[in-house]
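**Q** Structure, please.
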Amino acid sequence: MRRVVAPVVVVLVAVLGALGLTLAAAPAPAEAHGFASVVYADASPTGDRGVRVRLGLEYDLLVVSVATSEKDDPFYEEAQPAWNDGDDARMAAAVRDHRASIEHYLLDRFTVAGYGGARCTGHLADSVKIAMNEAQNVPYATVVADFTCPEAGRTEVGHVIGSTLFPASEDYVPQGTKTIVVYDLDGKQGSATLDSRQTSFSTEQTWYERFGEFFRLGAEHLLTGPDHILFLLALIAGSRRLREVVLAATAFTVAHSITFILAALGAVQPPGIIVEPVIAFSIAAVAGWYLIRLLRDRGRADVLDVRSTSHFALDRAGWLRLAIVFGFGLIHGLGFAGALGIHEAFSWQLLWSLLVFNVGIEAVQLTIILILFPPLMLLRRRAHRTSLWVTGIVAAFVVVVGLIWFVERLLGVEDWPAIPGLS
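**A** Residues are numbered from 1 along each chain as shown. I've put the predicted structure just below:
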């Protein structure tokens, strides 16, 4: 028995250690569902050779980046007090007053190339709109950039759009910036996501190239999102059969996809200040559910009632847990929407891409389950008591972290003492 148990324990410890390293590399707990920043770009044609791009930019990030890069201290001195006071009119005025600096910064990092690959010439319009992004609970500035492209000199058609806005090298966004582009150009409609890995795309991109980027984005979000990793660990630790954890994970995905789509359609816009504490509480609750069962039933905590003849062979406790996970999944979907800063209705083209984002989450989620759960089942068969100790310790750890995050987010505290391996 020891020959079997020892390797299984080693595998579980190795995988849990890898997940711990993933948590350590993730954003701070108070921002666990969010990328460092998200830029929104909506590109459409103007005339024969023109492209108009509406850029949505996180206001305070725009201020510090432009003021530092362009050595425009007066911009910071005018814009920061307006941001502190939440005065939209003064914030917009500061952008207009320093349009030259902002134009140089933005159009050096956000580019449009015309036919044949020649770079288009751009300038910022006077239009500025300030609005609160409810999903991220921060103000955004929307500016308009007009690009004039050279005449077609070759047979190629299409545009190449690039973005290196707010890079991690500026030290303001250590996790990097995502630029989500929605376009209606060259007789094509679609969406794309740009980051440090892929800084540009062509409107001639294929559908699988477009969806592939959003699939990767969803996969990365799960692997770098401590909230989701801990929630998944709680599901795995508390599941008694492979079908139970797969059903729970799938119910979770279906639930978060529903609210994610509703947010993308603009039907729901709950503020992150409410969603994030509830997400943290859900992590602790799902893990705590298993701990209570472990303390109550002890050696039978992982026993499935085989007398059940219900669908999927789940007993009463299994169905109740599935319903709870589904309910929490609805809340997590709002957190995913906040991760991409979704705060208004987007085009159907982007909506399809966002669905692929969810598929990426589900694919990696199921992969982790298939890697981690079989060794756990083997451990339960060969060393039942050891398996209960392992899952109990994991659940207790998740409960503690979830409750700490809950208090942090509820009180808006971000500078608590670091949790080893999680900060």
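**Q** Show me the helices in the stretch 301-423 of the chain, by range?
**A** Ranges of helices in the stretch 301-423 of the chain, per DSSP state H, counting those that start in this stretch, are 316-339, 348-382, 384-411.
**Q** Ok, the stretch 51-200 of the chain next?
**A** 59-69, 73-85, 88-97, 99-109.
**Q** what packs against the second one?
**A** Spelled out, that is helix 73-85. With contacts defined as 3 or more C-beta pairs under 8 Å, 6 or more residues apart in numbering; DSSP states H and E, helix 73-85 has these neighbours: helix 59-69, helix 88-97. No exception for glycine: its C-beta is placed from N, CA and C like everyone else's.
**Q** Buried residues in stretch 195-211, which are they?
**A** Residues of stretch 195-211 classed as buried by neighbour count (16 or more other C-beta atoms under 10 Å): D195, Q198, T199, F201, S202, T203, Q205, R210, F211.
**Q** Could you chop this structure up by domain?
**A** The chain breaks down by automatic domain parsing into domains covering 2-33+225-411, 39-216.
**Q** Comparing those, which yields the minimum mean pLDDT?
**A** Comparing mean pLDDT across those, the weakest is domain 2-33+225-411, with a mean of 75.
**Q** Output the helices and strands packed on helix 73-85 as TSV; include the columns mean neighbour count and distance to F215.
**A** Output for these, formatted as TSV (neighbours: other C-beta atoms under 10 Å; distance: least, C-beta to C-beta, whole Å):
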stretch	mean neighbour count	distance to F215
helix 59-69	21	27
helix 88-97	18	35
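**Q** Redo the ones you listed as TSV? Include distance to S163.
**A** Converted to TSV, these look like this (distance: least, C-beta to C-beta, whole Å):
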stretch	distance to S163
helix 59-69	13
helix 88-97	19
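**Q** looking at those, which is closest to G333?
**A** helix 59-69 (25.6 Å; C-beta to C-beta).
**Q** Can you spell out which helices and strands pack onto the closest one?
**A** Against helix 59-69 (3+ C-beta pairs under 8 Å, 6+ apart) you get helix 73-85, helix 88-97, helix 99-109, strand 138-148.
**Q** Among the ones you listed, which comes closest to L370?
**A** strand 138-148 (38.0 Å).
**Q** between that closest one and helix 99-109, how big is the angle?
**A** 80 degrees (axes from the mean of the first three to the mean of the last three C-alpha atoms, to 10 degrees).
**Q** what angle separates strand 138-148 from helix 88-97?
**A** 30 degrees.
**Q** Show me what counts as buried in strand 138-148.
**A** Applying 16+ other C-beta under 10 Å to strand 138-148 flags V138, P139, Y140, A141, T142, V143, V144, A145, D146, F147 as buried.
**Q** Just give the strands next to that strand in its sheet, each with its orientation.
**A** Sheet pairing of strand 138-148 (DSSP bridges) gives strand 50-58 (antiparallel), strand 121-133 (antiparallel).
**Q** Run through who's touching the first one.
**A** Identification of contacts with strand 50-58 by C-beta atoms under 8 Å, 6 or more residues apart in numbering yields 37-46, 106, 110, 112, 120, 133, 136, 138-149, 159, 161, 165-166, 185.
**Q** Could you rerun that using 6 Å?
**A** Here strand 50-58 makes contact (C-beta atoms under 6 Å, 6 or more residues apart in numbering) with 37, 39-44, 46, 112, 138, 140-148.
**Q** sorry, back to before: with mean neighbour count as extra columns, can I get the helices of the stretch 301-423 of the chain in JSON lines?
**A** Below are the helices of the stretch 301-423 of the chain laid out as JSON lines (neighbours: other C-beta atoms under 10 Å):
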{"stretch": "helix 316-339", "mean neighbour count": "21"}
{"stretch": "helix 348-382", "mean neighbour count": "18"}
{"stretch": "helix 384-411", "mean neighbour count": "18"}
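**Q** could those helices be laid out in CSV, adding distance to Y76?
**A** Output for the helices of the stretch 301-423 of the chain, formatted as CSV (distance: least, C-beta to C-beta, whole Å):
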stretch, distance to Y76
helix 316-339, 27
helix 348-382, 33
helix 384-411, 29
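**Q** Of all these, which one is nearest I283?
**A** Across the helices of the stretch 301-423 of the chain, I283 has its closest neighbour in helix 384-411 (3.6 Å, C-beta to C-beta).
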